[in-house]
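Novice: Predicted structure and sequence below. I'll ask about it afterward.
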Amino acid sequence: MCAKNLSLSFLILFSLCCIINATDISYDGRALKIDGQRRVIISGSIHYPRSTPEMWPDLIRKGKEGGLDAIETYVFWNGHEPHRREYNFEGQYDIIRFIKEIQSAGLYAILRIGPYACAEWNYGGVPAWLRKIPGMQFRTNNQPWKDEMATFTKLIVDMITKEKLLAPQGGPIILLQIENEYGNIMDGYHQAGKDYIKWAAEFADSLKPGVPWIMCQQADAPQPMINTCNRFYCDDFKPNNPNSPKMWTENWTGWFKAWDKADPHRPAEDVAFAVSRFFQKNGTLQNYYMYHGGTNFGRTSGGPYITTSYDYDAPLDEYGNLRQPKWGHLKDLHAVLKKMEKQLVYGDYSYENRGNLIEVTKYKLNDTTACFISNSDNGKDATVDLNGSKYFVPAWSVTLLPDCKTEAYNSAKVKAQTAIMVKKQNTAEDEPSALQWSWRPEPVKNQVANKKFSFQSNQLLEQITTSLDESDYLWYMTSVKQDQKKQWTLSVNTMGHVLYAFLNNKLVGQQYSPNNKFEFKFEKNVTLKRGTNTLALLSATVGLQNYGTQYELTPTGIAWKPVKLIDGNNTLDLTNSTWNYKIGLVSEEKKFHLDERSSKWKTDMLPTKRPFTWYKTTFKAPAGTDAVVLDTIGLNKGHAWVNGNSLGRFWPGYGNTDKGTTDKGPCEKFCDYRGTFDEHKPCRTGCGKPAQRWYHVPRSFLKSGQPNTLVLFEEAGGDPSQINFQTVTVGTICASVEKGQTLSLSCPAGGRISKIEFASYGNVKGTCGAFEKGTCESKDAFNAVNESCVGKESCEVVVKEETVGASGCGDGETIKLAVQASC
């Protein structure tokens, strides 16, 4: 009887725990509701395969410290199902572990199943093997597509249900997404597109996960789907149903980068302006895309021509460091929005257009009122009268007043510190001289000799449908007989992305296409010998198309295009010759990158500028915990591995990126945050330099206290002799604040402020890294800051005369304390 009572008590207790942990998710036209309470939700995108499991807790923690309530991620179908019904949920693809890390941090999760992702991910995240299914058409009212999409989507929903990760089960997931940005391209599918979206909504709803489903960029999303916005600005977005809340699933914090582009940047002031405007105009859920961009490891970058780095100018940089001031400026905004949460989701609101692009919004709840003042003019500052007080509102900014009296935040007034990151040499050894290289050639000869091939055809086949993206490389090989030695012009029409031509085992030419011009003609003068000549054409891709109507049909390779030998008026058309095909390189099949102990690695006479060459060396891991990067100076194009882990494609030899540093060029010395931002706005750095020189080496890839192995495949011909490893850390920190405010500085964990390089309280000019004293300043400010900060990990200085002295400046001067220090 006691046992029965004990069992009954346990069941009651267990049931109560389940009830306590279970979270009800609903919504109305005002906001998402968690356990019946309307909430303001601040979310940030972190894609689990673009970092490592060892990085996840730190990235999520920094998101939480930055004021996030939720972490959002896509689900990457081709990463999880690389071959049909063969699944991968391990390592960087352990999505269950990732969601549980979010839960452990006390945050919510938003899961965008899709399963089409876009995301500048290879093939949009869709498996290439789908192309071999008869009748397959992607993302339309096509039964083979719907069958495969349904199978994978249900698999994911079943997995998270089994692991009790949905909010009603006590898990962190509060929203799910079906499809992705389909409305942007739906017109190209005509009625079949409309029928498909209706089916997708009905299918998703039938899974009954217990949390709402969203469809982004889908103005006609069927109920009960909630349509959401993806843009740089979503303040004017309105849901298609009055009972749906206003949600912003992608606020683009920067932009992705291509091999021909300089580094894109979106100013922190503009991101904060966009967020503030969104909440000023009834928004209640906002997600940063990206909050941490990360790295396209392996062959995962899409595009084509998306770089391995997916930094995105996000609040956390590619390596997981705080990008200051963006991270801190947004953190300050989130804290103020949370103070206003009840008024924003429950208060009565009113708008007042003051003219000249000035708008005042009031949210009144009982005896409390919260206010926004926005100035959308991109050139004129304004002084706005509100309730008898005057507020200076700079151009293109929003002021937040949680009590409608005190300015708590302005999107253009950055108080957070700025951090200038630096790269430091590996102190564990003297690089690059300490690196001892061995090498071996790619076994091209056997391949080119036509001895090894997979199949034959009398047609020039499209690369994706032929290789199913098992490799970047596809061989097209044929033979040509000649009665006598003769010179010809070899002409190959290809749809890219890169072509290498071999004649009788020798590389006779190579060419890559400019970005967005992937169809090109390769021409080279060649000499054919008497007898049988072997012609081998190697087509290489650099990421597959990931966006657009029927994007999967975008061809690559020498698809159906003519291959000819031309001699004046004589033409020898090889297009319908017998072509032998081989997918991939011999080295891929034999896994050269896994550091096999083979005698075929040579140590003498290291060749350079030699295409199709493998290089290997060992190195000591840099000491400490700072992020590690590989400097690929001297390399051309290829792939890198550390201890068998792929760092991704490298291509510093692509050529210079966007050129010009003039006022109208893409790399202006000053990036004006004022005015509408888009991906073409000239806020870029690094013009005229390789698009990507440094490649992230996650600490989890490294072995401590023992040799680490770096393996390089140099496809186009480079020189590894200057290769070295570096660490990335904070070098200089700066901040400037006005009188009455508090200036805060901090170095990364374990670091200390070693020197005050500049400190002035007065009419200071310039920005971080280029501060200049004005015409008036306090004589005491430098010593006050020096005493408060040097030798400390962090410090705060309250800006008042008692602490920094009198500025001596006259009325009308803009007075601030500006400090620059080194860590």
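Specialist: On my side now, so go ahead.
Novice: can you pull the buried residues of stretch 748-757?
Specialist: Using 16 or more other C-beta atoms under 10 Å as the test for burial, stretch 748-757 gives 748, 751, 753, 756. Using the backbone N, CA and C atoms, a C-beta is placed for each residue, glycine as well.
Novice: try stretch 338-350
Specialist: Applying a neighbour-count criterion of 16+ other C-beta under 10 Å, one finds 339-345, 347, 349 buried in stretch 338-350.
Novice: Let me see the backbone angles for residue 742.
Specialist: phi -110, psi 130 (degrees, to the nearest 10).
Novice: same check, this time on residue 631
Specialist: With angles defined as degrees, to the nearest 10, residue 631 sits at phi -90, psi 110.
Novice: Return the subset of the buried residues of stretch 748-757 lying in strands.
Specialist: Among the buried residues of stretch 748-757, the ones falling in strands (DSSP state E) are residue 756.
Novice: ok, back up a step: which of the buried residues of stretch 338-350 fall within helices?
Specialist: Applying DSSP state H to the buried residues of stretch 338-350, the entries found in helices are 339, 341-345.
Novice: possible to save the residues you listed as JSON lines with distance to residue 46?
Specialist: Listed next are those as JSON lines, based on distance: C-beta to C-beta, whole Å:
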{"residue": "339", "distance to residue 46": "26"}
{"residue": "341", "distance to residue 46": "23"}
{"residue": "342", "distance to residue 46": "28"}
{"residue": "343", "distance to residue 46": "30"}
{"residue": "344", "distance to residue 46": "25"}
{"residue": "345", "distance to residue 46": "25"}
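Novice: from these, which single one is nearest residue 800?
Specialist: Distance to residue 800 across those (C-beta to C-beta) is lowest for residue 339, with 24.2 Å.
Novice: Give the burial count for the nearest residue to that closest one once chain neighbours are set aside, as a bare number.
Specialist: Leaving aside its sequence neighbours, residue 339 sits nearest to residue 402 (C-beta to C-beta, 6 or more residues apart in numbering; 4.5 Å). The number of residues packed around residue 402, counting by other C-beta atoms under 10 Å, is 21.
Novice: Check residue 544 too.
Specialist: Other residues lying near residue 544 total 26 when counted by other C-beta under 10 Å.
Novice: For residue 64, which residues are in contact?
Specialist: By C-beta atoms under 8 Å, 6 or more residues apart in numbering, the contact list for residue 64 reads 105-107.
Novice: no, scratch that, I was asking about residue 61
Specialist: Here residue 61 is in contact with residue 105 (C-beta under 8 Å, 6+ apart).
Novice: Next up, phi/psi of it, please.
Specialist: phi -60, psi -40.
Novice: Repeat that for the one 4 residues further on.
Specialist: The phi and psi values for residue 65, taken as degrees, to the nearest 10, are phi -60, psi -30.
Novice: can I assume the residue nearest to residue 339 is in contact with residue 365?
Specialist: No: between residue 402 and residue 365 there is no contact under C-beta atoms under 8 Å: 11.6 Å.
Novice: Quick check: residue 100 is in a helix.
Specialist: Yes: assessed by DSSP: H, G, I helix; E, B strand; the rest coil, residue 100 belongs to a helix.
Novice: give me the number of residues near it?
Specialist: Residues near residue 100, counting by other C-beta under 10 Å: 17.
Novice: right, and it touches residue 165 too?
Specialist: Yes: counting by C-beta under 8 Å, residue 100 touches residue 165, with 7.4 Å between them.
Novice: On the three-state scheme, the nearest residue to residue 675 once chain neighbours are set aside is what?
Specialist: Excluding the flanking residues, the one nearest residue 675 by C-beta to C-beta, 6+ apart is residue 378, at 3.7 Å. Secondary structure state of residue 378, per three-state DSSP, is coil.
Novice: and if you look at residue 320?
Specialist: coil.
Novice: Go through the chain and flag its longest strand.
Specialist: Per DSSP E, the chain has its longest strand at strand 724-738.
Novice: Mean confidence (pLDDT) on it, please.
Specialist: Averaging pLDDT along strand 724-738 yields 96.
Novice: just stretch 685-705 next, same as before
Specialist: pLDDT averaged over stretch 685-705 gives 95.
Novice: Next, give phi and psi for the residue nearest the centre of the chain.
Specialist: With distances taken as C-alpha atoms, centre = their mean, residue 293 lies nearest the centre of the chain, 3.1 Å away. Residue 293 has phi and psi values of phi -80, psi -50 when expressed as degrees, to the nearest 10.
Novice: again with residue 551
Specialist: Per degrees, to the nearest 10, the backbone of residue 551 is at phi -60, psi -30.
Novice: same deal with residue 27?
Specialist: phi -160, psi 160.
Novice: Then residue 38?
Specialist: phi -60, psi 140.
Novice: ok so, going back, quick one: the residue nearest to residue 675 from residue 248, how far?
Specialist: The spacing between residue 378 and residue 248, counted by C-beta to C-beta, to the nearest Å, is 21 Å.
Novice: Over to residue 794?
Specialist: Counting by C-beta to C-beta, the gap from residue 794 to residue 248 is 33 Å.
Novice: Residue 510 too?
Specialist: In terms of C-beta to C-beta, residue 510 sits 45 Å off from residue 248.
Novice: Give me the more crowded residue out of these two.
Specialist: Neighbours were counted for residue 510 and for residue 248 using other C-beta under 10 Å; residue 248 has more, 26 against 19.
Novice: I'd guessed the more buried one sits against residue 236; true?
Specialist: No: using C-beta under 8 Å, residue 248 makes no contact with residue 236, being 11.4 Å away.
Novice: Between the two, which contacts overlap?
Specialist: Common neighbours of residue 248 and residue 236 (C-beta under 8 Å, 6+ apart) do not exist.
Novice: Read off the pLDDT value for the closest residue in space to residue 587 that isn't next to it in sequence.
Specialist: In space, and not counting its chain neighbours, residue 587 is closest to residue 442: 5.4 Å by C-beta to C-beta, 6+ apart. Each residue has a pLDDT score; the one for residue 442 is 95.
Novice: How about residue 14?
Specialist: The model's pLDDT for residue 14 equals 40.
Novice: for the stretch 451-600 of the chain, which spans come out with low pLDDT?
Specialist: Confidence mapping of the stretch 451-600 of the chain against pLDDT under 70 gives the ranges 451.
Novice: residue boundaries of the strands in it?
Specialist: Using DSSP state E, counting those that start in this stretch, the strands of the stretch 451-600 of the chain run over residues 455-457, 473-482, 486-494, 498-503, 506-512, 520-528, 531-540, 563-567, 570-573, 579-583.
Novice: and the fifth one with strand 520-528, angle?
Specialist: To tie it back to what came earlier, the one meant is strand 506-512. Relative orientation of strand 506-512 versus strand 520-528 (axes from the mean of the first three to the mean of the last three C-alpha atoms, to 10 degrees): 170 degrees.
Novice: What residues of strand 506-512 count as buried?
Specialist: Within strand 506-512, the residues that qualify as buried are 507, 509-512, counting by 16+ other C-beta under 10 Å.
Novice: Counting neighbours, show which residues of stretch 226-244 come out buried.
Specialist: With the criterion 16+ other C-beta under 10 Å, stretch 226-244 contains buried residues 226-235, 237, 239, 244.
Novice: Using a markdown table, lay out these together with distance to residue 434, pLDDT and secondary structure.
Specialist: Listed next are the buried residues of stretch 226-244 as a markdown table, based on distance: C-beta to C-beta, whole Å; pLDDT from 0 to 100; DSSP: H, G, I helix; E, B strand; the rest coil:
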| residue | distance to residue 434 | pLDDT | secondary structure |
| --- | --- | --- | --- |
| 226 | 57 | 98 | strand |
| 227 | 57 | 98 | strand |
| 228 | 52 | 98 | strand |
| 229 | 52 | 98 | strand |
| 230 | 48 | 98 | strand |
| 231 | 49 | 98 | strand |
| 232 | 46 | 98 | coil |
| 233 | 51 | 98 | coil |
| 234 | 52 | 98 | coil |
| 235 | 55 | 98 | coil |
| 237 | 56 | 98 | coil |
| 239 | 60 | 98 | coil |
| 244 | 61 | 98 | coil |
